[in-house]
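Enquirer: With the input below, show me the fold.
(chains A and B)
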Amino acid sequence: MRLQVSTRLAIFAVLELTAREGHQLAVADIGKKYGVSSHHLAKVMHVLGRAGLVRSVRGAKGGYTFVGNPRRVTLLDVVALFEDLSSTDQGNGDTATPEDQALREILSEIDDIALATLGSVTLSTMRKLVDRRRLDRSSRRPRSRRLDGFGRVQEIQK
Amino acid sequence: MRVAKDTSAEEKNGVSAVRVRRVQAADIPDVIALDTRVTRIAKGQYWNDVFRRYGRRRPEERFFLVAERSQQRAESRLLGFIIGEIRAWEFGSTPCGWVFALSVEPKARLHGVGSALLNAICEEFKKAGVSKMRTMVARDARLPLLFFRSEGMMAGPYTQLEKDLE
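Expert: Numbers count the residues shown, from 1 in each chain, chains lettered A, B, ... in the order given. Okay, the predicted model is just below:
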């Protein structure tokens, strides 16, 4: 499943904010960490604010703060704000050929699994996952990096 | 017979420390009552049969554990239960621990009872020599899915398939 840049940014932003519960974070600080412009991120934060997940705090030390419940808000809640999650069903039920119907059934199976997965992971669970990955990373032996045949970064254990 | 360790948890919102231990025959009426409250389907015969198979036989690889308050009170003594066993070579899998039942008293949820039960059975699995635990959850069962995910469980390498028998 591919997510748009805005969706990924929204997830990263709420994860940053939930890691600093009760504190606000400036858009510029989040943007700097993920290498995106404050302008682009501000649009994302606006959508999150409209959905009641974040609140902006004005002033010299202003920024955004997370106002949802990280143990209740799931990845699906965030993703649904930016992606079209309507079914991949694109044919007309009455005129669809058996081939169309069979293909739609398989695609709908994939959609169901994707939605159930996103809906089962809360921001709190994601934070735990991030912390675990961070721990794995810090305990790993130094690795060197090289590009594979597809131009992707590969880490090589020394 | 090995007994699951006491699992202490801080007193939170009225649920005192939780103790996890092996099931006893005297617990079965409470297990049946809890399951009936949660699923709204009374199945006493099934639970008596499960107790015979998982509460009494092959305790080295079958675990039927119950959670109760450390300081027992007269009402709703049983806080929850979990059942699992070590299974090997089915579906080509090396030995692993399977959890096939977990239930927590609705009034005691969100106080660490499910985590205490899951931790206790994972300890039993580890002591029995397996390093992987699995379970299966309906895709639309939001609460159990959220719980198992919060406990660090991820999708495994198997896909469940089924068909209607006509």
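Enquirer: From now on I want contacts and neighbour counts done on CA atoms only, so please keep to that.
Expert: Fine.
Enquirer: A strand includes B:W98, no?
Expert: Yes - counting by DSSP: H, G, I helix; E, B strand; the rest coil, B:W98 is found in a strand.
Enquirer: Enumerate every residue touching it.
Expert: Contacts here follow C-alpha atoms under 8 Å, 6 or more residues apart in numbering or on different chains; on that basis B:W98 touches B:G84, B:E85, B:I86, B:R87, B:M133, B:R134, B:T135.
Enquirer: Output these as JSON lines; include the columns neighbour count.
Expert: JSON lines is the format used below for these (neighbours: other C-alpha atoms under 10 Å in any protein chain shown):
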{"residue": "B:G84", "neighbour count": "25"}
{"residue": "B:E85", "neighbour count": "22"}
{"residue": "B:I86", "neighbour count": "21"}
{"residue": "B:R87", "neighbour count": "15"}
{"residue": "B:M133", "neighbour count": "19"}
{"residue": "B:R134", "neighbour count": "15"}
{"residue": "B:T135", "neighbour count": "14"}
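Enquirer: What is the nearest of the residues you listed to A:T97?
Expert: For the contacts of B:W98, the minimum distance to A:T97 (C-alpha to C-alpha) is 38.1 Å, reached by B:T135.
Enquirer: For stretch B:47-60, the averaged confidence score.
Expert: Mean pLDDT, computed over stretch B:47-60, is 91.
Enquirer: Pick the one among the contacts of B:W98 closest to chain A.
Expert: Each of the contacts of B:W98 was scored against chain A by C-alpha to the nearest C-alpha, and B:T135 proved nearest at 14.7 Å.
Enquirer: All the helices of chain B, residue numbers only.
Expert: In chain B, the segments counted as helices under DSSP state H are B:28-39, B:44-50, B:113-127, B:142-150.
Enquirer: Need the winner for burial among these.
Expert: helix B:113-127 (a mean of 21; mean count of other C-alpha atoms under 10 Å in any protein chain shown).
Enquirer: Show residues contacting it.
Expert: By C-alpha under 8 Å, 6+ apart, the list of residues contacting helix B:113-127 reads B:4-5, B:7, B:18, B:20, B:61, B:63, B:65-67, B:79-82, B:84, B:86, B:96-97, B:102-104, B:131, B:133, B:151.
Enquirer: Let's have the contacts of B:W98 in CSV, adding pLDDT and distance to chain A.
Expert: Rendered in CSV, the data for these read as follows (pLDDT from 0 to 100; distance: C-alpha to the nearest C-alpha, whole Å):
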residue, pLDDT, distance to chain A
B:G84, 96, 22
B:E85, 96, 25
B:I86, 96, 26
B:R87, 94, 26
B:M133, 96, 18
B:R134, 96, 16
B:T135, 97, 15
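Enquirer: So which of the residues you listed are in strands?
Expert: Here DSSP state E is the test, and those give B:G84, B:E85, B:I86, B:R87, B:M133, B:R134, B:T135 as lying in strands.
Enquirer: okay if I get the residues you listed as JSON lines plus distance to A:E105?
Expert: Formatted as JSON lines, the ones in strands among the contacts of B:W98 follow (distance: C-alpha to C-alpha, whole Å):
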{"residue": "B:G84", "distance to A:E105": "34"}
{"residue": "B:E85", "distance to A:E105": "35"}
{"residue": "B:I86", "distance to A:E105": "35"}
{"residue": "B:R87", "distance to A:E105": "33"}
{"residue": "B:M133", "distance to A:E105": "31"}
{"residue": "B:R134", "distance to A:E105": "28"}
{"residue": "B:T135", "distance to A:E105": "26"}
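Enquirer: For the residue nearest in space to the middle of chain B, which non-adjacent residue is closest in space?
Expert: Closest residue to the average C-alpha location of chain B: B:I82 at 1.4 Å, with C-alpha atoms, centre = their mean. Leaving out its chain neighbours, the residue that sits closest to B:I82 by C-alpha to C-alpha, 6 or more residues apart in numbering or on different chains is B:L102, at 4.3 Å.
Enquirer: distance of that neighbour from B:L143?
Expert: B:L102 is 12 Å from B:L143, where distance means C-alpha to C-alpha, to the nearest Å.
Enquirer: so who does the nearest residue to A:L129 once chain neighbours are set aside touch?
Expert: Nearest residue to A:L129, sequence neighbours excluded (C-alpha to C-alpha, 6+ apart): B:G152, at 7.3 Å. By C-alpha under 8 Å, 6+ apart, B:G152 lies in contact with A:T125, A:K128, A:L129.
Enquirer: what about A:D111, how many neighbours?
Expert: The tally of other residues near A:D111 (other C-alpha atoms under 10 Å in any protein chain shown) stands at 18.
Enquirer: doesn't it fall inside a helix?
Expert: Yes - under three-state DSSP, A:D111 sits within a helix.
Enquirer: if I look at it, how far off is A:G22?
Expert: Going from A:D111 to A:G22 by C-alpha to C-alpha gives 35 Å.
Enquirer: neighbours of B:S70, just the number please.
Expert: Counted with other C-alpha under 10 Å, the neighbours of B:S70 add up to 17.
Enquirer: Over to A:L85?
Expert: Using other C-alpha under 10 Å, A:L85 has 13 neighbouring residues.
Enquirer: do you know how far it is from chain B?
Expert: A:L85 is 17 Å from chain B, where distance means C-alpha to the nearest C-alpha, to the nearest Å.
Enquirer: I appreciate the help and will end here.
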